[in-house]
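>>> Show me the folded form of this:
(chains A and B)
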Amino acid sequence: MSKRWKKRGLPVVLAVLLAAGIGLAVEPAAAQRLPGTGKTLTFAFTNWTGDWLPTMVSKVLVEDYLGYRVEIVDLSVPVTYAMIAAGEVDVFADAFFPNQNSLLAGYRRDLEVISWHYDGTVRGWAVPTWFAQEYGIRTVQDLNNPQIARLLDRDGDGYGDLLGCEVGWTCHDQINYKLQAYGLTRLYRQIDASEQMINYAIRGALDNREPVLFYAWTPDWLLAVYPHPEAVTILLDPVGAWPDDEAPNEYGYPPGRAGILVHRDFQRRHPEAYRLLSQISVPLDAVNESIYRQVVLGETSDADLERHAREWIEANRETVDGWLAAAGLR
Amino acid sequence: MDFVRMPIGHWMNVLVDWMVDNLAPLFRGIRQVIGTLLNATEDFLQWLPWPVLLVLVALLMWRVAGWRGAVLSALGLYLVGSMELWDRAMTTLALMVSSVTLAVLIGVPLGILCAKSDRVLAVVRPMLDMMQTMPAFVYLVPALMFFGIGKVPAVFATLVFATPPSVRLTNLGIRQVPREVVEASQSFGATPWQMLVKVQLPLAMPSIMAGINQTIMLSLSMSVLSAMIAAGGLGQEVLRGLSQVNLGRSFEGGLAIVVIAMILDRMSQSWGRRKRRAA
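Have a look, this model is predicted:
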């Protein structure tokens, strides 16, 4: 990492000075001994809209109050885990469970989650609300009907299409498990495609008022743009077949939660950052709002994303001050 | 009759683990060298004021491709800047320049060796086929394990994909030098080195330049994939747009890649043509 410092040149120097300046304004006496001055932390970003707010809030706080410089690198989820374990990346501020349980288990000796943002996210299979009403579809089990499967057959292969998860994601396998468990494999197939391509297919179908069956979850752009139950209906799943021992909710999925992931050595190498990060907890509605601003309002530049974080911090000053106090920074 | 299961995947895992454990100093050295080259290039391009680069490129294009090429390339570069993608474009360009330089430094000499010896060619050719057809995701992860995250593994992955045409077309160009010309130079007492440098390489130059042109194009096509392993640049813009369901943002990133590709394509092609006329 020795050569990163010179890559950005002047803007970086200015940013560091600025960050130091803010620290100075807040606590003049401590400015000289900000523990992170001159050090860089590398945060992973897994190219997902829901990552931004937790990542940016964490970045802004360790920069402003500890003097670190934070570099954000774009990586896929499995690579993120491997690189934190290898010591190449320091922080993943938006690790998502139970989807990443198997990854975390694989690196159990090296990685730990030091704080939790939110809990109780919703996941489930969804259809457009007009379609649910017209055909009386309320539950996943209602899909077990050849007529409905035919309406949901978008590629003409004789099977209803489920626009699910990207191939290789845990939820892709979970969806196939459920299809199997409910005997739906004779009528439906999950599409094998990348997340982005699935997104566009769903959006096209919803905008054109076509029947479509898809996997939806919070926090994500889809339910931010097409809210449940007004635009789309998440189907109930009273049977709740599930491959692991977690307890599914009414939509047939165990609730998801997100947290901050670091290497087990992180506490030793960056004790102050460890104390601060382990306080940070960004709530679900704030993440949903951030996604809405990115996808619907188009506020997607790096400056926009950092501004969202700063606005959230200001709007929740008391909470944030509480974290700072608990981390010994107030 | 059942197939006999060959544990090829297992061998690969063992091999990669062994390399990570035992060749770490070598990889660190490579990372250092490529990283230094890359950072110097990027620092320079980022430092260069945009009007200077724009004028330089336009002048070069005017020399090799006429005034129309000059105007179009200047307009294209201005468009990149006006989409607020200049910094990202310079990152991609630095990655390109470093990758292509290394690809040519490796590819052309290897192509010469292949042209000189059928045995070398027999070994190298299947390797080139594999490098070009193996899906890049398969070697991206080992590249990360060897070189860490960032731009160096991206250069490595780009090299794997983009070096083969330089080797192939250098080999082809030298082998296509007419037999009579080679014999004539031999009869005038040319040493093998003189024959290579003064006869074969100049005559093979159009073919070699065509290979380098392809190397440039292929390495640009890796820019989106490179962004997946933290190399940044225009590919990152494309990926971010996709994740934000923002087609327009992806399109702008893609358009900037097209502008760079067209400029570099015209330049290297015209260079090859001029050489051909000269020869």
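>>> SS state for A:Ile72?
Classification of A:Ile72 by DSSP: H, G, I helix; E, B strand; the rest coil places it in strand.
>>> That one pairs with what?
A:Phe43 (DSSP bridges).
>>> and it, what is it in contact with?
A:Thr42, A:Phe43, A:Ala44, A:Phe45, A:Thr55, A:Lys59 (C-beta atoms under 8 Å, 6 or more residues apart in numbering or on different chains). Heads up, the C-betas are built off the backbone N, CA and C, glycines and all.
>>> next one: A:Asp265
For A:Asp265, the contacting residues are A:Gly87, by C-beta under 8 Å, 6+ apart.
>>> Kindly report the residues of chain A close to chain B.
For chain A, the contact set with chain B under C-beta under 8 Å from any C-beta of the partner chain comprises A:3, A:6-7, A:9, A:42, A:47-49, A:73-76, A:79, A:82-83, A:86, A:88-89, A:195-196, A:199-200, A:203, A:221, A:294-295, A:298, A:300.
>>> still on that earlier bit, drop anything exposed from the contacts of A:Ile72.
Buried members of the contacts of A:Ile72, scored by 16 or more other C-beta atoms under 10 Å in any protein chain shown, are A:Thr42, A:Phe43, A:Ala44, A:Phe45, A:Thr55, A:Lys59.
>>> does the last one count as helix, strand or coil?
Which is A:Lys59. helix.
>>> That one contacts A:Ala309, correct?
Yes. With contacts counted by C-beta atoms under 8 Å, A:Lys59 reaches A:Ala309, the gap being 7.3 Å.
>>> A:Glu250 - that's part of a helix, no?
No. A:Glu250 is assigned coil when assessed by three-state DSSP, not a helix.
>>> count of neighbours near the nearest residue to it once chain neighbours are set aside?
Nearest residue to A:Glu250 in three dimensions, chain neighbours excluded: A:Leu236, at 5.6 Å (C-beta to C-beta, 6 or more residues apart in numbering or on different chains). If you count neighbours by other C-beta atoms under 10 Å in any protein chain shown, A:Leu236 ends up with 18.
>>> Tell me where the chain has helices.
Because you didn't say which chain, this covers chain A. Using DSSP state H, the helices of chain A run over A:10-26, A:52-66, A:77-85, A:101-106, A:129-135, A:146-151, A:170-181, A:195-207, A:221-225, A:266-269, A:271-277, A:284-295, A:302-315, A:317-326.
>>> if you could check chain B rather than the one you did, that'd help
B:8-22, B:24-47, B:50-82, B:86-116, B:118-133, B:136-147, B:151-162, B:164-175, B:179-187, B:192-194, B:201-221, B:223-227, B:234-243, B:247-278.
>>> Surely the residue nearest to A:Glu250 is in contact with A:Val140?
Yes. Between A:Leu236 and A:Val140 there is a contact under C-beta under 8 Å: 7.2 Å.
>>> Enumerate the residues of the stretch 151-279 of chain B near chain A.
Near chain A, when you scan the stretch 151-279 of chain B using C-beta under 8 Å from any C-beta, you find B:227-230, B:232, B:236, B:239-240, B:242-247, B:249.
>>> just those now: which is nearest A:Asp244?
B:Ser243 (27.5 Å; C-beta to C-beta).
>>> so what's that closest one scoring on pLDDT?
Predicted confidence (pLDDT) for B:Ser243: 81.
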